[in-house]
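Participant: Need coordinates for the following:
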Amino acid sequence: MAESNFSHLRERASQVAGKSGGRRKRIPIDVQLDPYELPLDEINVANPEIYRHDVWGRYFKRLRDEAPVHYCADSQYGAYWSVTRFDDIMQVDKRHDVFSSDFSLGGVTIQGRPSSTGELPMFIQMDPPLHDVQRKAVAPMFTQRSLAELEKLIRQRAGSILDALPVGETFDWVPNVSVELTSQMLATLFDVPQEDRLKLIGWSNTVSNADNPEYVSDAAQFWEALAECGDYFHALWKKKRAEPAHFDLLSMLCHGAATRDMDQRQLLGNVILLMVGGNDTTRNSISGGLAALNEFPAEYDKLKANPALVMSMVPEIIRWQTPLVHMRRTALDDVTFRGCEIRKHDTVVMWYISGNRDERAIKDPDQFIIDRANPRLHLSFGFGIHRCLGNRLAEMQLRVLWEEILRRFDHIETVGPPERQSSPLFRAIQSLPVRITARSA
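Facilitator: Down below sits the predicted model:
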């Protein structure tokens, strides 16, 4: 790989420097508006504001019932199709031969644009065979054997984090627990110094909040952050290429047969994929699980009476939270799907958050139930070749954390509503005020 040169990103930053308004303008919504009062063709479930205000439920309920494959002709992201029922989402997710993830067609998010310089090649934004060989390079990190070796470290760190929390005082759960645990593990997975872990979180936050004008107020900030991230990992890449392979994600990429000759854009793309994937899913499930237990106090009582329910509660948290709201595909040809004529190169969006609340597939989907008979029946990790590679690691971190919480605390009370992110991609919780009311004897 050549010397680090992310000049195209810094040039982009220079071009947009000083332009206010962020990467999009906020389209306000009336949170009191009943979506059933809107004309069906005017419903735009990609508006980030319905997620910031947490009012998305009835929008999707209407689409599932009246237009499960729905066309929105005009949105801030252009025209798109919405797929909102559980079984239909599974079908689209598994048909990579019909619905493409390729970055050159716009990638896997509704924000993506065909042939955009902002679309970085990463294996989640590739179709077979390139997707398969690049994904395989880092797969050893997520085997059962590897996870078993990580569990002791996760438990030690979770215990230290929990023991440092103030008892009887209000504090923010997100930075003190959710971010702290995931950032420590992210640094371990990449084999970077722990003192740099907040750099990883900062870059991940910029990427996942790139569409939030309150977080990324100047678009130059986004491109400069990408360039900084690229420089940092390029330096590590050079160091690791000169050493024997170690058991970390970056070593696996730089010594893997299919990835060792990646160019800089592919390196940065795959690093961002693994960084965001290792941060957002687990972190927001940690926060969302505590919020859900407080919203459904009978379930919290049930858990405290029977801590073994942690095992079934973890996948229920991930279903309930649905940390990744959607994934996008692009039609490779004209196709008729559920009676709708989807044209070649149309954007097709699978709304996981809707499928996880589809009563046709899940009983009482709007209830948080920690002892469901089949708690793994959810869409949060996707299906098919793009199913989340780190799903077992995310589940293990949640399980271990809650096992350690139940050993230490009688109750953790939320004392204010969660502050939610303005994003149609990540169902993120930015802040969650809590109070630990007592310690177990």
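
Participant: Quick one: the strands in the stretch 1-150 of the chain, in order.
Facilitator: Using DSSP state E, counting those that start in this stretch, the strands of the stretch 1-150 of the chain run over 69-72, 80-83, 99-100.

Participant: Of all those, which one comes closest to Leu120?
Facilitator: strand 99-100 (16.4 Å; Cβ to Cβ). Just so you know, the C-beta spots here come from the backbone N, C-alpha and C atoms, and that holds for glycine as well.

Participant: Run the chain-centre distance for the closest one.
Facilitator: 20 Å (Cα atoms, centre = their mean, to the nearest Å).

Participant: need the strands of the stretch 1-150 of the chain in JSON lines with mean pLDDT, distance to Tyr51 and mean neighbour count, can you?
Facilitator: Below are these laid out as JSON lines (pLDDT from 0 to 100; distance: least, Cβ to Cβ, whole Å; neighbours: other Cβ atoms under 10 Å):
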{"stretch": "strand 69-72", "mean pLDDT": "98", "distance to Tyr51": "16", "mean neighbour count": "19"}
{"stretch": "strand 80-83", "mean pLDDT": "98", "distance to Tyr51": "14", "mean neighbour count": "24"}
{"stretch": "strand 99-100", "mean pLDDT": "96", "distance to Tyr51": "23", "mean neighbour count": "24"}
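
Participant: Export those to a markdown table and append columns for distance to Ala210.
Facilitator: Below are these laid out as a markdown table (distance: least, Cβ to Cβ, whole Å):
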| stretch | distance to Ala210 |
| --- | --- |
| strand 69-72 | 21 |
| strand 80-83 | 18 |
| strand 99-100 | 22 |
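
Participant: Nearest to Ile161, out of those?
Facilitator: strand 80-83 (38.7 Å).

Participant: Would you mind stating the distance between Ala46 and Tyr77?
Facilitator: 6 Å (Cβ to Cβ, to the nearest Å).

Participant: Give the intersection of the neighbour lists for these two.
Facilitator: Contact criterion Cβ atoms under 8 Å, 6 or more residues apart in numbering; residues shared by Ala46 and Tyr77: Ile110.

Participant: More neighbours: those two, which one.
Facilitator: For Ala46 versus Tyr77, the count of surrounding residues by other Cβ atoms under 10 Å is larger for Ala46: 25 against 22.

Participant: Confirm for me that the more buried one is in contact with Gly78.
Facilitator: No - with contact defined as Cβ atoms under 8 Å, Ala46 does not count as touching Gly78 (9.5 Å).

Participant: Can I get the host helix or strand of Leu189 in PDB, CA atoms only?
Facilitator: Taking DSSP states H and E as the criterion, the element that holds Leu189 is helix 180-190. Coordinates of each C-alpha in helix 180-190 appear next as PDB, following Å, rounded to 0.1, in the frame of the first residue of the first chain:
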ATOM      1  CA  GLU A 180     -17.200   2.900  28.100                       C
ATOM      2  CA  LEU A 181     -17.600  -0.800  27.700                       C
ATOM      3  CA  THR A 182     -17.900  -0.800  24.000                       C
ATOM      4  CA  SER A 183     -15.000   1.600  23.500                       C
ATOM      5  CA  GLN A 184     -12.700  -0.600  25.600                       C
ATOM      6  CA  MET A 185     -13.700  -3.700  23.600                       C
ATOM      7  CA  LEU A 186     -13.300  -1.800  20.300                       C
ATOM      8  CA  ALA A 187      -9.700  -0.900  21.200                       C
ATOM      9  CA  THR A 188      -9.000  -4.500  22.000                       C
ATOM     10  CA  LEU A 189     -10.500  -5.800  18.800                       C
ATOM     11  CA  PHE A 190      -8.300  -3.500  16.700                       C
END
